[in-house]
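# Make a model of this:
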Amino acid sequence: MSIKYSVVAVAYKDVTPDVEAIVKKHSIREIDEPSDVVEFSNYGRQFDQDARAGIYLEWYQKNILKHLAEGYNVVLLEIPYSSDKSVMEVLNSIDEKLGDHLLVIEHDEV
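As a prediction, the model looks like this:
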């Protein structure tokens, strides 16, 4: 099986607009409150980006809800595998610099 995407869940709070823009660049879903997890987890027969986002939300539901309860916003990113390395380097670098203000909480390759 070949890898097509890196799926990343990023939790953030109290960041500058520039950092938020970087984080949201590959965003496929923004989760601001717990009800978003349930609402966006529903998907049908199609396997489009919305359906994939619903599947990822199911995978990461517990961790997303934990971070929402701690005051974070969470975004799901779907990064084309061909650009994965550079994007992940940027995210990990920001994560290291900002400490608890930005956390890469999940990362899978699909």
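# In the longest helix anywhere in the chain, which of the residues would be classed as buried?
When the chain is scanned for its longest helix (criterion: DSSP state H), the result is helix 49-69. Buried positions in helix 49-69, judged by neighbour count with 16 or more other Cβ atoms under 10 Å: Arg52, Ala53, Gly54, Tyr56, Leu57, Trp59, Tyr60, Ile64, His67, Leu68. To be clear about C-beta, it is placed using only N, CA and C from the backbone, and glycine gets the same treatment.
# which residues are contacting the lowest-mean-pLDDT helix or strand in the chain?
Every helix and strand of the chain was ranked by mean pLDDT, DSSP states H and E. The lowest is helix 34-40, at a mean of 78. Residues outside helix 34-40 that contact it (Cβ atoms under 8 Å, 6 or more residues apart in numbering): Arg29, Glu30, Ile31, Asp50, Ala53, Gly54, Leu57, Gln61, Ile64, Leu65, Leu68, Ala69.
# Quick one: residues contacting the fifth one.
To tie it back to what came earlier, the one meant is Ala53. Residues near Ala53 by Cβ under 8 Å, 6+ apart: Ile28, Arg29, Phe40, Leu76, Glu78.
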